[in-house]
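Trainee: this is the structure alone, sequence omitted:
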């Protein structure tokens with residue numbers, strides 16, 4: 001009996017060590033099979049999912065407060081429920097989306113650690129900077145959307161209702177619309193981080209980015225058309241910051257290159 005218990009403990013310990021080994025920092029010259037990368041990806045996705053679920057459970061107790069917070073951009077317009085379960089699922093949605101946003105630092109950390117084996121040793125030291133500034137810019141993008149894009153965008157879109165149409169938005173559609181834009185702007189605001197890192201490790205150069213400016217401008221409007229409602233106003237609100245962030249990133253990258261050359 002004791003031998004069986006010891007055997008089970010050793011197997012559990014071996015499984016724990018195996019999982020840790022799959023998530024350890026891989027050396028640059030070390031070659032791992034493709035299946036090991038898939039297993040590492042699976043484990044990182046599991047850790048991220050568990051974290052999001054735990055945060056979601058904690059936030060659900062204050063989901064009514066969160067809903068009222070994200071209802072502010074609607075102003076005096078009414079939000080309704082057209083199904084018995086709609087209010088319940090609306091609270092689930094707002095809790096899940098907020099859990100996703102709060103878990104951003106962990107998600108960025110696992111993304112960086114997954115791609116880190118393909119980087120040089122001196123490039124891996126940017127893990128902390130990537131997580132910190134990635135989170136900061138994600139929050140800035142979300143706040144930009146919440147305080148500027150949503151109030152003016154919703155006012156512009158709902159203004160089409162006029163006297164002949166009563167503008168009443170369902171709770172589920174409103175939460176999906178709001179967080180889709182907030183997360184989209186959070187992702188878009190990662191652009192400076194990505195460009196500066198790519199410049200720092202030598203993948204791109206400021207001159208090459210400047211030459212691709214027309215393609216990026218067109219691409220910004222295409223991305224904005226896909227990620228926003230089908231109206232010109234919100235597309236410009238999204239494409240404009242993308243272009244400004246791109247130009248700022250190119251300028252900062254050029255300063256990094258000049259400083260490095262000096």
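Mentor: Perfect, thanks for sending it. Being a predicted model, the structure only gives us computed values, none of them experimental. Residues are numbered from 1 along each chain as shown.

Trainee: name the residues of the longest helix that the chain contains that are buried.
Mentor: Secondary structure of the chain per DSSP state H: the longest helix is helix 232-261. Across helix 232-261, burial judged by 16 or more other CB atoms under 10 Å covers 234-235, 237-239, 241-242, 245-246, 249-250, 253-254, 257. All C-beta spots, glycine's among them, are computed from the backbone N, C-alpha and C.

Trainee: what segments of the stretch 101-250 of the chain are helices?
Mentor: 104-115, 127-144, 150-158, 171-188, 191-200, 206-211, 213-227, 232-261 (DSSP state H, counting those that start in this stretch).

Trainee: out of the ones you listed, nearest to residue 49?
Mentor: Residue 49 lies closest to helix 104-115 among the helices of the stretch 101-250 of the chain, at 10.4 Å (CB to CB).

Trainee: show me what the closest one is packed up against.
Mentor: Contact partners of helix 104-115 among helices and strands, from 3 or more CB pairs under 8 Å, 6 or more residues apart in numbering; DSSP states H and E: helix 34-60, helix 127-144.

Trainee: give me the angle between the helix or strand that the first one is followed by and helix 171-188.
Mentor: Next along the chain after helix 34-60, taking DSSP states H and E as the criterion, comes helix 63-71. When axes from the mean of the first three to the mean of the last three CA atoms, to 10 degrees is applied, the directions of helix 63-71 and helix 171-188 differ by 70 degrees.

Trainee: give me the buried positions along helix 63-71.
Mentor: Neighbour counts over helix 63-71 (16+ other CB under 10 Å) mark 63, 66-67, 70-71 as buried.

Trainee: chain center to that helix, what's the gap?
Mentor: Between the centre of helix 63-71 and the centre of its host chain there is 21 Å, according to CA atoms, centre = their mean, to the nearest Å.

Trainee: what's it packed up against?
Mentor: Packing contacts for helix 63-71, counted by 3+ CB pairs under 8 Å, 6+ apart, involve helix 86-102, helix 171-188.

Trainee: to residue 159, which of these lies closest?
Mentor: Residue 159 sits nearest to helix 171-188 of all those, at 15.9 Å, using CB to CB.

Trainee: quick one: contacts of that closest one?
Mentor: 67, 70-71, 73-74, 79-81, 86-87, 89-90, 93-94, 97, 100-101, 104, 137-139, 141-142, 144-146, 149-150, 153, 227-229, 234, 238, 241-242, 245 (CB atoms under 8 Å, 6 or more residues apart in numbering).
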